[in-house]
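>>> have a look; sequence and predicted model below, questions after that.
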Amino acid sequence: MSEPAIKAYLVAAGDFHDIDYARLELLKLLAEHPSVRTTVASDYSDVERIQDSDFLISYTCNLIPSEAEQIALKHYIEQGGKWFALHGTNSILEFTDNGVACPERAPVFMETLGSQFMAHPPIQPFKVHISQPDHPLVAGIESFETDDELYLCKQLAEHEMLLHTEFTGEASGFLNTDWPDDAPRPVYYLRTLGEGEVLYLNLGHCRGHYDMQPMVPYYPNVELGSWDKPEYYELLRRGLRYCIGG
């Protein structure tokens, strides 16, 4: 008996990252599941197509839906949808003379996701710890070191933390500079909202030579962040299987 088609909706777009690279890698992983049919978009405007999808995936940065789209996304999750949100999905960035600001002007969107990005220290290696070693999304994965953007976020909703890291200090270049407390910094969490769920994995920075235009015409270093780590691909595969229902 043939399997029914599973409809995925992938939003991959935004600023300051190699969106082409991330989009392609995610499509490769989705292609490991022959029953999955994927719609690819550059924003959240096709509300009806999202509502008709079995799950949503997003790899974005500085991409904020309209208020009507935010409400529709929240409704989609509340009615049983799953959203696998990656990296900068929860970011709003404004470059000012005093540093990068992260204005809180999309409350419905961020509350649905459960957090909003506020800063990250300079990219450097850090260790990712397993918060819930018995949870199937992370069980059997050992703590690992990665060279990524360590996200410092404002938490907006209760969640089940699956991965975390530690950071105390300064996030130079951002207006939200000082992070003096020693609370665990969520890296991956599961948020229940109504009948649905948001999986948020904030690892996954990547940047190529042309991704900082027009501010920097040619960015000197190619950055792959956690895309260079087998643990990251295992996390992505498990997250996708979770959304598919396997």
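Structure's in. What do you need?

>>> residues touching the residue nearest to the spatial centre of the chain, list them.
Closest to where the C-alpha atoms of the chain average out (CA atoms, centre = their mean) is Leu86, at 1.7 Å. For Leu86, the contact set (CB atoms under 8 Å, 6 or more residues apart in numbering) comprises 22, 57-59, 200-204. C-beta coordinates here come from the backbone N, C-alpha and C atoms, glycine included.

>>> rerun that using 7 Å as the cut-off
By CB atoms under 7 Å, 6 or more residues apart in numbering, the contact set of Leu86 is 58-59, 201, 204.

>>> distance of it from Tyr218?
Noted for Leu86: a distance of 26 Å to Tyr218, by CB to CB, to the nearest Å.

>>> which residues does the residue nearest to the centre of the chain bridge with?
Under DSSP bridges, the beta-bridge partners of Leu86 are Tyr59, Leu201.

>>> same question for Arg185.
Beta-bridge pairing of Arg185 under DSSP bridges involves Thr165.

>>> what's the burial count for it?
For Arg185, the neighbour count with other CB atoms under 10 Å is 24.

>>> list the residues that contact the nearest residue to Pro4 once chain neighbours are set aside.
Among residues not flanking Pro4 along the chain, Ser35 sits closest, at 7.1 Å (CB to CB, 6 or more residues apart in numbering). Applying CB under 7 Å, 6+ apart, we find Ser35 in contact with 3, 5-6.

>>> looking at those, which has the most residues close by?
Scoring these on neighbours with other CB under 10 Å, the highest-scoring entry is Ile6 at 19 neighbours.
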